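Peer 1: Below are the sequence and a predicted model for it; my questions follow.
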Amino acid sequence: MTELLYQTDSYLRECEASVVETTENGVILDRTVFYPGGGGQPA
């Protein structure tokens, strides 16, 4: 499971991570600082 570093420090901007798996849509990392945000057009 990916370690969600933003949950313990929301100001992190970088980290070292390893690729755990590759998929057709991208890669799975062992840790991340990316925060999942909403998307799409405002109504």
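Peer 2: Structure received.

Peer 1: The chain: helices as residue ranges?
Peer 2: Secondary structure of the chain by DSSP state H: no helices are present.

Peer 1: And the strands in it?
Peer 2: Per DSSP state E, the chain carries strands over the ranges 3-4, 19-23, 26-29, 31-32.

Peer 1: tell me the most buried of those?
Peer 2: Mean neighbours per residue, mean count of other Cβ atoms under 10 Å, is largest over these for strand 31-32, with a mean of 14. C-betas here are computed from N, CA, C, even on glycine.

Peer 1: Tell me which strands it pairs with, and in which orientation.
Peer 2: Strand 31-32 pairs in its sheet with strand 3-4 (parallel), by DSSP bridges.

Peer 1: which outside residues touch the strand it pairs with?
Peer 2: Contacts with strand 3-4, where a contact means Cβ atoms under 8 Å, 6 or more residues apart in numbering, come from 30-32.

Peer 1: remind me which residues of the protein are low pLDDT?
Peer 2: 39-43 (pLDDT under 70).

Peer 1: want to try CSV for the contacts of strand 3-4, with distance to Glu14 as columns?
Peer 2: Shown next, in CSV, are the contacts of strand 3-4 (distance: Cβ to Cβ, whole Å):
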residue, distance to Glu14
Asp30, 15
Arg31, 11
Thr32, 11
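
Peer 1: Not counting its neighbours along the chain, what's nearest Thr32?
Peer 2: In this structure, Thr32 finds its nearest non-sequential neighbour in Thr2, 5.7 Å apart by Cβ to Cβ, 6 or more residues apart in numbering.

Peer 1: between the contacts of strand 3-4, which is closest to Glu21?
Peer 2: When the contacts of strand 3-4 are compared for distance to Glu21 (Cβ to Cβ), Asp30 wins out at 9.8 Å.
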